[in-house]
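J.: this one's sequence-less:
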Ligand SMILES: Cc1ncc(C[n+]2csc(CCOP(=O)(O)OP(=O)(O)O)c2C)c(N)n1
């Protein structure tokens, strides 16, 4: 592991914050996995474990007025946006206190105030929604930027191409971030992508591109920041491919037998959390301090779990609510 | 009262609404420089500029998604499908995004978007360009579905659709674009979910919407000469549905026929027939009948198309049989 040592106290505290967020995501999802295995969470549960540095790094380049559009693998993005783990966990449990009032579930976190524009379940369908949000920013002459996460599997669907083409011809302030974890469910990228490097597809739309490794959180932030600033200057969209890996199966029901243990172990050696921890130690942070931080986060997650468990289910009267917008 | 064509009425509604609210924009293929594939947006580019009358590439899924995303953050898009036949490549955005985001976010994102364009059957356009899809969209909760038949209704209903905070499927009749009718000079709206008795009668109720109203009216005129008095209920919107208007009419006439341009299987007429037997059973002297397009894709051949389309003769025959 090539380590980049944080040089000054500012970069140490920044990295510490990134580390905190990544641990929060990891522990949130470990708790969610536990709840799922005992039947407290239903449906699909797609974990982000292993990919934390991508969401945390990318979202760190945004301001509160910017927008985030996510997929069904949305827990990490929501937490990186700073959303409170309590309503997120409650959403997983299908409770009234959930971030989407229990109507959404794991795949559909939404928070209007935080400009968190939803987890979306149709692969690639949200890519043109993101372009639409960016279109609105441009229309209203606000300098918000939208970032849109998706997997390499989504890069093969029509919505991806239509969304990118429209964003490019209209120079929309949007950054497309392909989190390439090398598998779309059980399909490895070499069986799905005619050209392996997703980011080169940007050439087809005369769009800026970038390609980075996703295990180093500050590097992700730095690269995404360049694209966000480009978008904010009105110079149009960027397609960034971030190479990463999910340590778990596609969802909780997937034992991930299609990949070797050796491959998984190799990627686990590049665990972004371990990397950040190591760099913090090199920057002078004591192990005990980090352990203490881990423990505090665990307590926070335990509280979220408890909150979710003890929250009431949505009232039955909610069933027909929200089908249509409430009149003013 | 001015005499306007159906297309002019739609144009006037959009222009007036866009003049009032800068958040409304019109987007679609050929809506701007070409002045609209069916000229519904004639003159709008000059009036509002390229920022609000936006030509797109052929990219239905993409620009439907742009519309939905922009509506999430407060714009009020009018998305024109050149015809509803092509909306099928955008149906994912319409149903999986537009219809559901408010619900699955627990009410956080109203969806003030209108999808509109030419629909309906006929004109020797063949199987891919001659289809009525309102039943498909009416199937889906979260959408509103509007199908005006007259210039007056087109104007008032389009204005309501644009002002609505929900996704509206506004299906215009391609065949009726040039048809003329009286449209009040003064601004007005027609609430969604309010049908209208287009003709009063005592012997039988015809329930219909959009261009099938024409067949219904022709049939009623033929039957009048034979002493049969037909009442015509024009639903105008399928979602929300003016159920009581149907029941009140059936209570008076004791018989009902649904006339529609779409296919019969799982079509909207089947839903209406179900509702009538469920809610007005005691008043029925005859099972509810339907006159629809036949259960085949549309043929290009003139004779086969004629045979396939619903028409006044078929409506009149059905009614005569029911009254025997
Ligand atoms: C249009 C569509 N087709 C299929 C699916 C089922 N599905 C859900 S996730 C997935 C794999 C997507 O992989 P990728 O885009 O690489 O994202 P990742 O899960 O790796 O984050 C599939 C096939 C879907 N949700 N939507």
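T.: In hand now; what should we look at? This one's a predicted model, so the numbers in the text were calculated from it and none came from an experiment. Numbering: from 1, shown residues only, chains lettered A, B, ... in the order given.

J.: residue B:107: what's it in contact with?
T.: Contacts for residue B:107 (Cβ atoms under 8 Å, 6 or more residues apart in numbering or on different chains) come out as A:101, A:321-322, A:325-326. (Each C-beta comes from the backbone N, C-alpha and C, glycine too.)

J.: for residue 208, give me its contacts.
T.: Just going to use chain A. Applying Cβ under 8 Å, 6+ apart, the residues near residue A:208 are A:202, A:227, A:230, A:235-239.

J.: actually chain B
T.: Residue B:208 sits in contact with B:149, B:215-216, B:232-235, B:258-260, where contact means Cβ under 8 Å, 6+ apart.

J.: at 7 Å instead, please
T.: B:216, B:232, B:234, B:259-260 (Cβ atoms under 7 Å, 6 or more residues apart in numbering or on different chains).

J.: hmm, which two among those are most spread apart?
T.: B:232 and B:260 (13.2 Å; Cβ to Cβ).

J.: which one of these two is surrounded by more residues?
T.: Shown here are residue B:232 and residue B:260; by other Cβ atoms under 10 Å in any protein chain shown, residue B:260 has more neighbours (30 against 22).

J.: now do the more buried one against chain A, distance only.
T.: 24 Å (Cβ to the nearest Cβ, to the nearest Å).

J.: ok, that residue to residue B:291 distance?
T.: 8 Å (Cβ to Cβ, to the nearest Å).

J.: what ranges do the helices span in the stretch 101-250 of chain A?
T.: A:125-139, A:158-169, A:217-232 (DSSP state H, counting those that start in this stretch).

J.: dihedrals phi and psi, the residue in the stretch 51-200 of chain B that the ligand sits nearest to?
T.: As assessed by Cβ to the nearest ligand atom, the ligand sits closest to residue B:92 within the stretch 51-200 of chain B, at 7.3 Å. The phi/psi pair for residue B:92 (degrees, to the nearest 10) reads phi -60, psi -50.

J.: make sure it is actually in contact with residue A:125.
T.: Yes: with contact defined as Cβ atoms under 7 Å, residue B:92 counts as touching residue A:125 (5.5 Å).

J.: which of these two has more neighbours?
T.: Comparing residue B:92 with residue A:125 by other Cβ under 10 Å, the one with more neighbours is residue A:125, at 24 against 20.

J.: returning to what we had before: residues touching the residue of the stretch 51-200 of chain B closest to the ligand, list them.
T.: A:122, A:125, B:61.

J.: check which helix or strand the closest residue to the ligand within the stretch 201-324 of chain B maps to.
T.: Residue nearest to the ligand within the stretch 201-324 of chain B (Cβ to the nearest ligand atom): residue B:266, separated by 23.6 Å. Per DSSP states H and E: residue B:266 is located in neither a helix nor a strand.

J.: need phi/psi at the spatially most central residue of chain A.
T.: Central residue of chain A (Cα atoms, centre = their mean): residue A:77, 3.2 Å from the mean position. Dihedral pair for residue A:77: phi -70, psi -40, per degrees, to the nearest 10.

J.: that one contacts residue A:68, doesn't it?
T.: Yes: between residue A:77 and residue A:68 there is a contact under Cβ under 7 Å: 5.9 Å.

J.: pull up the overlap in contacts between those two.
T.: By Cβ under 7 Å, 6+ apart, the residues touching both residue A:77 and residue A:68 are residue A:59.

J.: give the rounded mean pLDDT of the lengthiest helix in chain A.
T.: Counting residues, the longest helix found in chain A (DSSP state H) is helix A:9-37. For helix A:9-37, mean pLDDT rounds to 97.

J.: that helix near the ligand at all?
T.: No: using Cβ under 6 Å from any ligand atom, helix A:9-37 never reaches the ligand; the gap is at least 13.6 Å.

J.: what packs against that helix?
T.: helix A:52-59, helix A:75-80, helix A:85-92, helix A:217-232, helix A:272-282, helix A:287-310 (3 or more Cβ pairs under 7 Å, 6 or more residues apart in numbering or on different chains; DSSP states H and E).

J.: for chain B, find the nearest of these.
T.: helix A:85-92 (8.9 Å; Cβ to the nearest Cβ).

J.: ok and that closest one relative to helix A:9-37, angle-wise?
T.: 30 degrees (axes from the mean of the first three to the mean of the last three Cα atoms, to 10 degrees).

J.: which residues are contacting helix A:85-92?
T.: Under Cβ under 7 Å, 6+ apart, the answer for helix A:85-92 is A:24, A:28, A:32, A:35, A:41, A:75, A:78-79, A:97-100, A:102, A:104-106, A:109, A:300-301, A:304-305, A:307-308, A:311.

J.: scan chain B for its longest strand.
T.: strand B:76-83 (DSSP state E).

J.: do the helix or strand following it and chain A meet?
T.: Per DSSP H and E, the first helix or strand lying C-terminal to strand B:76-83 is helix B:91. No: remark: helix B:91 sits outside contact range of chain A, by Cβ under 7 Å from any Cβ of the partner chain, the gap being at least 10.9 Å.

J.: got a list of contacts for the following helix or strand past helix B:91?
T.: Per DSSP H and E, the first helix or strand lying C-terminal to helix B:91 is helix B:101-104. By Cβ under 7 Å, 6+ apart, the surrounding residues in contact with helix B:101-104 are A:100, A:103-104, A:108, A:118, A:322-323, A:325, B:72, B:109-111, B:142.

J.: out of those residues, which end up buried?
T.: Buried members of those, scored by 16 or more other Cβ atoms under 10 Å in any protein chain shown, are A:100, A:103-104, A:108, A:118, A:322, A:325, B:72, B:109-111, B:142.

J.: near the ligand, which of these show up?
T.: Answer for the buried ones among the contacts of helix B:101-104 near the ligand: none qualify (Cβ under 6 Å from any ligand atom).

J.: any chance of TSV for those, columns distance to residue B:247?
T.: Shown next, in TSV, are the buried ones among the contacts of helix B:101-104 (distance: Cβ to Cβ, whole Å):
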residue	distance to residue B:247
A:100	37
A:103	33
A:104	37
A:108	38
A:118	40
A:322	28
A:325	28
B:72	38
B:109	35
B:110	31
B:111	31
B:142	25
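
J.: give me the subset of those residues lying in strands.
T.: Those of the buried ones among the contacts of helix B:101-104 lying in strands (DSSP E): residue A:118.

J.: can I get the buried ones among the contacts of helix B:101-104 in a markdown table with pLDDT and distance to residue A:162?
T.: Output for the buried ones among the contacts of helix B:101-104, formatted as a markdown table (pLDDT from 0 to 100; distance: Cβ to Cβ, whole Å):
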| residue | pLDDT | distance to residue A:162 |
| --- | --- | --- |
| A:100 | 96 | 27 |
| A:103 | 95 | 28 |
| A:104 | 95 | 25 |
| A:108 | 96 | 23 |
| A:118 | 97 | 19 |
| A:322 | 95 | 28 |
| A:325 | 95 | 27 |
| B:72 | 98 | 18 |
| B:109 | 98 | 22 |
| B:110 | 98 | 25 |
| B:111 | 98 | 20 |
| B:142 | 98 | 23 |
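
J.: all helices for the stretch 51-200 of chain B, in order.
T.: B:60-72, B:91, B:101-104, B:134-138, B:151-163.

J.: most packed of those helices?
T.: Mean neighbours per residue, mean count of other Cβ atoms under 10 Å in any protein chain shown, is largest over the helices of the stretch 51-200 of chain B for helix B:60-72, with a mean of 30.

J.: and the contacts of it?
T.: A:117, A:125, A:128-133, A:135-136, A:139, A:158-159, A:162-163, A:165-166, B:27-28, B:56, B:77, B:79, B:81, B:86-87, B:89-90, B:92-94, B:97-98, B:101, B:109, B:111-113.
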